[in-house]
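Engineer: Predicted structure and sequence below. I'll ask about it afterward.
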Amino acid sequence: MIQYLRLFFFIGVFGVLSFSCNFRNGGIPANEKPASYNNEQYRPQYHFSPDSAWMNDPNGMFFLDGEYHLFYQYYPDSTVWGPMHWGHAVSKDMIKWQHLPVALYPDSLGYIFSGSAVVDTKNSSGLGTIQNPPVVAIYTYHNPVLEKKGSNVFQNQGIAYSTDKGRTWVKYPGNPVLKNPGIRDFRDPKVIWHNATNKWIMILAVQDRVHIYSSPDLLDWRFESEFGKGIGAHGGVWECPDLFEIKVTNGDNSKWVMFVSINPGGPDGGSATQYFTGDFDGHKFIPDNTNEKWVDRGRDNYAGVTWSNIPESDGRRLFIGWMSNWDYANVVPTIKWRSATTVPREISLLKDGKEYILYSNPVQELVSLRNKVYRPFKEPQKLEGDMEINTDSISMMQCEMVIDFNLIGSAADSIGIILENNLKEQLVIGYTGKQKQIFVDRTRSGRSDFSGKFAGISSSAYEAGDKLKFRILMDASSSELFVDNGKLVMTNLVFPTESYIKLKVFSKGEVTLENAVFYSLKSIWQQ
Ligand code: FRU
């Protein structure tokens, strides 16, 4: 019934706007009741996923009064991409989420594409009061009718505001607040407060670059500068940028970091997110690096951005990404829903020689899910060849594992772990000492019949030191590898036909397995 009402509302509101959309594949109504989180094989148990239907990018994350808000690109009427809404969830710890009603529906200006949200503490917009400051969401209106007509101005920026802690939203009557100057790809505004110039800054993805705008009140926007033409990766269109200042963990200074997602053009195909470090004075971004650097070297972390309004007393830079890839997101073998987010991550920046390197680690709140711990060895083990490890009763499909290798004196060529099921499907995660690469091989990891672009190996150049530390988060259809405390991250989906039940460590050449710890993780949906 609700589905029909929504359709009715949608037809009414859109009037002449057509449903067809060339931007992504059209949608088939799912007509399914919301799924329970336990009855589908690939349903993540501790990653956020929509109750039912399609999700892509995380949007508009902000923190207010003890609540982390997460919005997301959502098409409630189908399990494939379609007319975009903003779905909504809240959490007290970024781990256990409560679903809330859809926050933003498409309207006569178009679908609601990606964007951000800020708490307008000083009520600069006048959309609330000083006593009750508004939360302002800034997003892209994507008008499918104009797009179909071949117009170039189908993406414009609009705002909506809430004065009840994000529970309900009012679209600003003066929308759009930033009009398209005639450029086809003009979207995904991320807004931040810039202290030094006392202004709001918007960073917007514009084809093969970003545009930077400023505003005193979130309503009037002035063009400041652009960045990116010919810099970094350009195998596809730039999307979903972010810009933030961060203290350097091992230095006295701070730097500005820019994230830019790109699709296609990721290092192993399809979607990926690159980053630049540099300086920003409120007008112009001056990069330190012009080469490509990636937030995550796996295939499945896209369009990730960071939270707004994290209190200074907390001080963390908190990130979440969409755990999929446009190469196959619409066809992965899930039934009632599609897509999940990565685990929330804390971002940090470390100086390494002349370079700044981005580190990502699961937020420490995730530790609250650890249930049972199992340490199979009391002493370090010499390892050569394959060794099966008994993981006790800890399920390989819902666990965290920490595996440390000691490489001192080792000439081992290839070391790592294999997760395997009874069908001999395998996920292999490892390091090649000779080629100096970290890799995640899902070539024979399970189902890949849904897309010719899924099976394969993600690999990244990496120079291990004396020790190599793997922290791996496994959920029903995902693996997240954090190497050496977050210096390299690889997020990869995986769809084994049956659960992995065996864990092997392997080494070609001798190496010391210094430590192995397994934690079962509780489901966030059952507590
Ligand atoms: C990124 C993206 C954004 C756009 C949204 C549409 O995945 O393509 O650029 O706003 O998805 O759903």
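Structural biologist: Sure, I can see it.
Engineer: where in the stretch 151-300 of the chain is pLDDT low?
Structural biologist: Residue ranges of the stretch 151-300 of the chain with pLDDT under 70: none are present.
Engineer: Up against the ligand, what does it have?
Structural biologist: Arg187, Asp188, Glu239, Cys240 (Cβ under 6 Å from any ligand atom). For glycine as for every other residue, the C-beta is placed from the backbone atoms N, C-alpha and C.
Engineer: Helix, strand or coil: sort out the nearest residue to the first one once chain neighbours are set aside for me.
Structural biologist: Right, the one you point to is Arg187. Sequence neighbours aside, Thr140 is the residue nearest to Arg187 in space, at 3.9 Å (criterion: Cβ to Cβ, 6 or more residues apart in numbering). Thr140 carries the three-state label strand when classified by DSSP: H, G, I helix; E, B strand; the rest coil.
Engineer: neighbours around Thr140, how many?
Structural biologist: By other Cβ atoms under 10 Å, the residues close to Thr140 number 27.
Engineer: try Ile286
Structural biologist: With other Cβ under 10 Å as criterion, Ile286 counts 12.
Engineer: what does the one 3 residues further on give?
Structural biologist: Burial measure for Asn289: 16 neighbouring residues, criterion other Cβ under 10 Å.
Engineer: these two touch, right, it and Gln274?
Structural biologist: No. Contact criterion Cβ atoms under 8 Å: Asn289 and Gln274 do not qualify, at 9.9 Å.
Engineer: Which neighbours in the sheet does the top strand by length along the chain have, and how are they oriented?
Structural biologist: Using DSSP state E, we find that the single longest strand of the chain is strand 502-521. Strand pairing for strand 502-521, using DSSP bridges, gives strand 370-374 (antiparallel), strand 381-389 (antiparallel), strand 399-406 (antiparallel), strand 414-420 (antiparallel).
Engineer: With distance to Gln157 added, can I get these in CSV?
Structural biologist: Below are the strands paired with strand 502-521 laid out as CSV (distance: least, Cβ to Cβ, whole Å):
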stretch, distance to Gln157
strand 370-374, 42
strand 381-389, 52
strand 399-406, 40
strand 414-420, 44
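Engineer: Tell me which of those strands lies nearest to Tyr42.
Structural biologist: strand 414-420 (15.1 Å; Cβ to Cβ).
Engineer: helices and strands around the next helix or strand after the closest one, which ones?
Structural biologist: Once the chain leaves strand 414-420, the next helix or strand it forms, by DSSP states H and E, is strand 426-432. Here strand 426-432 touches strand 414-420, strand 437-441, strand 467-475, strand 478-483, going by 3 or more Cβ pairs under 8 Å, 6 or more residues apart in numbering; DSSP states H and E.
Engineer: looking at these, which is buried most?
Structural biologist: Highest mean neighbour count of the helices and strands packed on strand 426-432: strand 478-483, a mean of 24 (counted as mean count of other Cβ atoms under 10 Å).
Engineer: How about residues contacting it?
Structural biologist: With contact meaning Cβ atoms under 8 Å, 6 or more residues apart in numbering, strand 478-483 is reached by 44, 47, 298, 300, 323, 340, 342-343, 360-362, 427, 429, 438, 440, 462, 468-473, 488-494.
Engineer: what about the spatially most central residue of the chain, distance to Tyr111?
Structural biologist: Residue closest to the average C-alpha location in the chain (Cα atoms, centre = their mean): Gly321, at 0.6 Å. Applying Cβ to Cβ, to the nearest Å, the value for Gly321 to Tyr111 is 21 Å.
Engineer: one step back: test my guess that the residue nearest to Arg187 contacts Gln157.
Structural biologist: Yes. Between Thr140 and Gln157 there is a contact at 6.0 Å, judged by Cβ under 8 Å.
Engineer: what residues are shared contacts of the two?
Structural biologist: Gly115, Arg187, Pro189.
Engineer: Then Glu147 would be within a strand, right?
Structural biologist: No. Glu147: not assigned to a strand; according to three-state DSSP it is helix.
Engineer: I'd like to know how far it sits from Thr341.
Structural biologist: Glu147 is 27 Å from Thr341, where distance means Cβ to Cβ.
Engineer: Can you pick out the residue with more neighbours from those two?
Structural biologist: Thr341 (25 against 21).
Engineer: surely that one meets Ser324?
Structural biologist: No. Look at Thr341 against Ser324 with Cβ under 8 Å: they stay out of range, at 9.6 Å.
Engineer: ok, for Trp86, nearest residue in space, not its chain neighbours?
Structural biologist: Per Cβ to Cβ, 6+ apart, closest to Trp86 is Leu104, 4.0 Å.
Engineer: Tell me how many other residues crowd that neighbour.
Structural biologist: By other Cβ under 10 Å, 23 other residues sit near Leu104.
Engineer: Now do the phi/psi pair for Gln435.
Structural biologist: Main-chain torsions, Gln435, degrees, to the nearest 10: phi -80, psi -10.
Engineer: next structured bit after the strand or helix carrying Gly278?
Structural biologist: Assessed by DSSP H and E, Gly278 sits inside strand 272-280. Later in the chain than strand 272-280, the nearest helix or strand by DSSP H and E is strand 285-287.
Engineer: Packing partners of that next one?
Structural biologist: Taking 3+ Cβ pairs under 8 Å, 6+ apart as the contact cut, strand 285-287 packs with strand 222-227, strand 254-263, strand 272-280.
Engineer: now for the ones you listed, which one comes closest to Met396?
Structural biologist: Closest among the helices and strands packed on strand 285-287, once you apply Cβ to Cβ, is strand 272-280, at 26.6 Å.
Engineer: packing partners for the closest one?
Structural biologist: So strand 272-280, by 3+ Cβ pairs under 8 Å, 6+ apart, packs with strand 237-247, strand 254-263, strand 285-287, strand 302-306, strand 355-362.
Engineer: please redo it, this time with the cut-off set to 10 Å
Structural biologist: When contacts are defined as 3 or more Cβ pairs under 10 Å, 6 or more residues apart in numbering; DSSP states H and E, strand 272-280 packs onto strand 222-227, strand 237-247, strand 254-263, strand 285-287, strand 302-306, strand 317-322, strand 345-352, strand 355-362.
Engineer: list the contacts for the residue of the stretch 251-400 of the chain found nearest the ligand?
Structural biologist: Across the stretch 251-400 of the chain, the shortest distance to the ligand (Cβ to the nearest ligand atom) belongs to Ala303, at 4.4 Å. Going by Cβ atoms under 10 Å, 6 or more residues apart in numbering, Ala303 touches 56-59, 72-73, 114, 188, 239-240, 242, 259, 261, 263, 271, 273, 320-322, 324, 326.
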